[in-house]
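> Quick one: sequence plus predicted model below, questions after.
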Amino acid sequence: MEQSVCVLKFGGTSVGSGERIRRVASIVADTLNDPTTPFPVIVVSAMSGVTDQLLRIARFACSGESESCDQELVALRQKHLDAAAQVTQAGEERARLLDELEHALERLAEDVQTLRKAAASGDMVHLRTATVASWGERLSILLVAAATRTYGAPAEAVRKEVIITSHPPHDPSQPFGVVEGADPLLEETRVNAHVLIHPLVEAGIVPIAAGFMGRTITGFVTTLGRNGSDYSATVIGAALDCVDVSIYTDVDGVLTADPRLVANTRLLPQLSYAEAARLSWFGAKVLHPRTLIPIAHRNIPVRVRNSFRPHIRGTIIGPVGYAQSGAGAITIRRNLALITVESTDLFGAPENAGQVFALAAKAGAAPVAICSSSGHHLSFVVDEKAADTVVALLQHNMDTSLWSVSLRRGLAACACIGSGFTNDPMSAGRAITALASERIPVVSQGASEQGITLIVEDRSSERALRCLHRDLIAPVIPLVRHPATGKEARRKA
Ligand SMILES: Nc1ncnc2c1ncn2[C@@H]1O[C@H](COP(=O)(O)OP(=O)(O)O)[C@@H](O)[C@H]1O
Ligand SMILES: N[C@@H](CC(=O)OP(=O)(O)O)C(=O)O
């Protein structure tokens, strides 16, 4: 019988430097040595900032800015060599790592050349860009594997083959230096995962696999989209029938709001798949929005944990949710636009909803939120960058003597999320009152059993997030200066 496995995914912040990679290696070694945990399979992201750097390299290569391109390549090489010096002692392991890194960097340089030529001929630039973008993960697996071995745990980077087989990306017409996510092919990925991972596991060797990347059946490298390593970890986890997936990042778990924007956030110990999916849909960067798709229907739990404080339990995402009344978390999704389709004869919006959303989908825009409708109008928000294409398609395809289409840019969605939100009849009122008290107008809104979504102007969105968090989740208690006690008063006197 095959041994049961758990998947540990380490994000870019967790592998951001040699010192951090050593910390990751010690977590991997501890997991391997813990008899109560299944055998670990590791999925890693690129060192933080490296995918951005690779996409700059891709852009410079395509636009013929050779000097800038070469400068970035030199900086990228140095970053990985510095990390290599930190994760290994001089000796055999260091020599092996440097050799592997040099070989990988040479292949990256070749792929950049191929991209240059592709841009000149206009041939498959998007696939060549994905190949360049995937090198961040292909470099970091070498560092993590070497670091893990120095902790006495046998580990090997999975580098010759790619685990995730995917479709090609849908839209080949991306601007230079941009990658679009491709959809994984689950059955093919399952076969690869068993062929590539299980022999290592059976031999007691920890597999270290590159997140984010995939490959088409015809052999082209793809990506699962920006920040897609979380998603790749659950795709690989599902393919391996893993017991659970741990996402290691730089915060203690899923919090009541983004701690970079709100001061007094709290850890959410437990979330249902639906709650967590909603949080990431509405902007919580801690999880990629597609992460839960491969595993939720199989009840495989996901734990979000801090690689800097691994002793903390983190957040468990599973079938059972956050069982409190009111909002559990507040998120913001920015850079949205509101599209309103209105019939001039005051009739027919519900009948035409299917056509409206089909046209939006054709423009590659899923409605982020559907805000309001009546017999003669329908309004929904989409990502601002897709809005012009959606409006153009609507105007082109709908009878403009009967329909008008309007667009309002510069908006954001504030989502107050929690399955218990509607248990408390005061919740929605408190959310709107919180915004009103800060003079933040609500442009539109939508509600469901899982919470309420308030559309506000983008420029007010961070302020809106803070006041909603303060009034719905964690009041900010002002520091009160107590009057001097008797003793202090005597000393002052
Ligand atoms: N509700 C939330 N809970 C926790 N973190 C959040 C939340 N919303 C946004 N974040 C942000 O997500 C970040 C982690 O995601 P990311 O930077 O992609 O990490 P990684 O490099 O590990 O993939 C955190 O540092 C935090 O600022
Ligand atoms: N490195 C890729 C994929 C990724 O998910 O990274 P992270 O785990 O650091 O968010 C990116 O930056 O898009």
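Great, that's in hand. Numbers count the residues shown, from 1 in each chain. Ligands and ions are numbered 1, 2, ... in the order given.
> Of all the residues in the stretch 1-150 of the chain, which one is nearest ligand 2?
Residue nearest to ligand 2 within the stretch 1-150 of the chain: residue 12 (2.7 Å; Cβ to the nearest ligand atom). Yep, even glycine has a C-beta here, placed from its N, CA and C like the rest.
> in a strand, that's where that residue is, yeah?
No: the assignment for residue 12, made by DSSP: H, G, I helix; E, B strand; the rest coil, is coil rather than a strand.
> Do you know the pLDDT at it?
Residue 12 is assigned 97 on the pLDDT scale.
> Touching, it and residue 53? I think so.
No: Residue 12 is not in contact with residue 53 according to Cβ atoms under 8 Å; the separation is 11.3 Å.
> Same drill for these two, tell me which one is more crowded.
More crowded of residue 12 and residue 53, by other Cβ atoms under 10 Å: residue 12, with 25 against 18.
> these two touch, right, residue 409 and residue 385?
No: counting by Cβ under 8 Å, residue 385 is not a contact partner of residue 409; they are 10.5 Å apart.
> Neighbours of residue 257, how many?
Residue 257 has 23 neighbouring residues, counting by other Cβ under 10 Å.
> For the remainder of this discussion, apply numbering that starts at 39.
That works, and once the first residue is 39, the last one we named lands at residue 295.
> What distance do you get for it to ligand 1?
6 Å (Cβ to the nearest ligand atom, to the nearest Å).
> Kindly report the same for residue 62.
11 Å.
> Just give the nearest non-adjacent residue to that residue, would you?
Nearest non-adjacent residue to residue 62, counting by Cβ to Cβ, 6 or more residues apart in numbering: residue 48, 5.0 Å away.
> Name the residue of the stretch 339-488 of the chain that lies nearest to ligand 1.
Closest point on the stretch 339-488 of the chain to ligand 1, by Cβ to the nearest ligand atom, is residue 367, at 5.6 Å.
> Check the chain too.
Closest point on the chain to ligand 1, by Cβ to the nearest ligand atom, is residue 49, at 2.1 Å.
> which residues sit in contact with that residue?
Residue 49 sits next to 83, 86, 267-268, 285-288 when contact means Cβ atoms under 8 Å, 6 or more residues apart in numbering.
> Distance check, the closest residue to ligand 2 within the stretch 339-488 of the chain against residue 207.
As assessed by Cβ to the nearest ligand atom, ligand 2 sits closest to residue 345 within the stretch 339-488 of the chain, at 11.3 Å. Taking Cβ to Cβ, to the nearest Å as the measure, residue 345 falls 30 Å from residue 207.
> OK, contacts around the residue most central in space within the chain?
For the chain, the residue nearest the mean C-alpha position is residue 326 (2.8 Å; Cα atoms, centre = their mean). By Cβ under 8 Å, 6+ apart, residue 326 lies in contact with 263, 265-269, 318.
> could I get these as JSON lines with pLDDT?
Below are those laid out as JSON lines (pLDDT from 0 to 100):
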{"residue": "263", "pLDDT": "94"}
{"residue": "265", "pLDDT": "94"}
{"residue": "266", "pLDDT": "95"}
{"residue": "267", "pLDDT": "97"}
{"residue": "268", "pLDDT": "97"}
{"residue": "269", "pLDDT": "97"}
{"residue": "318", "pLDDT": "96"}
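> what sits against the residue of the stretch 189-338 of the chain found nearest ligand 2?
In the stretch 189-338 of the chain, the residue that lies nearest ligand 2 is residue 267 (3.3 Å; Cβ to the nearest ligand atom). Going by Cβ under 8 Å, 6+ apart, residue 267 touches 47, 49-50, 81-83, 175, 249-250, 326.
> do residue 181 as well
53, 56, 59, 85, 118, 121-122, 125, 135, 139.
> Near the residue of the stretch 339-488 of the chain closest to ligand 1, how many other residues are there?
28.
> List the beta-bridge partners for it.
Taking DSSP bridges as the rule, residue 367 bridges to residue 455.
> wait, it sits on residue 459?
No: in this structure, residue 367 is not within contact of residue 459 by Cβ under 8 Å, at 10.4 Å.
> For the stretch 389-531 of the chain, which segments count as helices?
Secondary structure of the stretch 389-531 of the chain (DSSP state H, counting those that start in this stretch): helices located at 422-435, 465-475, 499-510, 524-530.
> where among those helices is the average confidence lowest?
helix 524-530 (a mean of 55).
> sorry, back to before: out of the contacts of residue 267, who's nearest residue 410?
Distance to residue 410 across those (Cβ to Cβ) is lowest for residue 326, with 29.1 Å.
> Tell me which helix or strand the closest residue to the closest one other than its chain neighbours sits in.
Spatially, and ignoring its direct neighbours in sequence, residue 326 is nearest to residue 268 (4.1 Å; Cβ to Cβ, 6+ apart). Here residue 268 sits within helix 267-277, counting by DSSP states H and E.
> Distance from that helix to the middle of the chain?
With Cα atoms, centre = their mean, to the nearest Å as the basis, helix 267-277 stands 12 Å off its chain's centre.
> So the residue nearest to the centre of the chain lies in a helix, does it not?
No: Residue 326 is assigned coil when assessed by three-state DSSP, not a helix.
> Contacts for stretch 488-497 next, please.
312-313, 316, 320, 365, 372-374, 376, 407, 409, 419, 448-457, 459, 465-466, 469-470, 473, 478-485, 502, 506.
> Let's see the ChimeraX selection covering just the buried ones among the residues you listed.
The ChimeraX command for the buried members of the contacts of stretch 488-497 (criterion: 16 or more other Cβ atoms under 10 Å) is given here:
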select :312,313,316,320,365,372,374,376,407,409,419,449,450,451,452,453,454,455,456,457,459,465,466,469,470,473,478,481,482,483,484,502,506
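> Among the contacts of stretch 488-497, name the ones in strands.
372-374, 376, 407, 409, 419, 448-455, 482-485 (DSSP state E).
> Cross-check the residues you listed against ligand 2 and keep the overlap.
Among those, not one lies near ligand 2 by Cβ under 6 Å from any ligand atom.
> So the nearest residue to residue 248 once chain neighbours are set aside: helix, strand or coil?
Excluding its sequence neighbours, the residue lying closest to residue 248 (Cβ to Cβ, 6+ apart) is residue 175, at 3.6 Å. On the three-state scheme (three-state DSSP), residue 175 is labelled helix.
> what's the burial count for residue 175?
Neighbour number of residue 175 under other Cβ under 10 Å is 26.
> so who does it touch?
Residue 175 neighbours (Cβ under 8 Å, 6+ apart): 82-84, 248-251, 267.
> For stretch 49-68, buried residues please.
By 16+ other Cβ under 10 Å, the buried positions in stretch 49-68 come out as 49-56, 58-67.
> residues from the chain in reach of ligand 1?
Residues of the chain lying near ligand 1 by Cβ under 6 Å from any ligand atom: 49-52, 83, 86, 265, 287-289, 292-293, 295-298, 322-324, 367.
> So which of those belong to helices?
Using DSSP state H, no member of the residues of the chain next to ligand 1 sits in helices.
> Buried members of these into PyMOL, please.
PyMOL command restricting these to the buried ones, with burial defined by 16+ other Cβ under 10 Å:
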select buried, resi 49+50+51+52+83+86+265+287+288+289+292+293+295+296+322+324+367
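> Where in the protein is the helix or strand with the lowest mean pLDDT?
Least confident helix or strand, the chain: helix 524-530 with a mean of 55, by mean pLDDT, DSSP states H and E.
> Neighbours of the nearest residue to residue 254 once chain neighbours are set aside, how many?
Leaving aside its chain neighbours, residue 254 sits nearest to residue 206 (5.1 Å; criterion: Cβ to Cβ, 6+ apart). Summarising burial for residue 206: neighbours were counted as other Cβ under 10 Å, giving 19.
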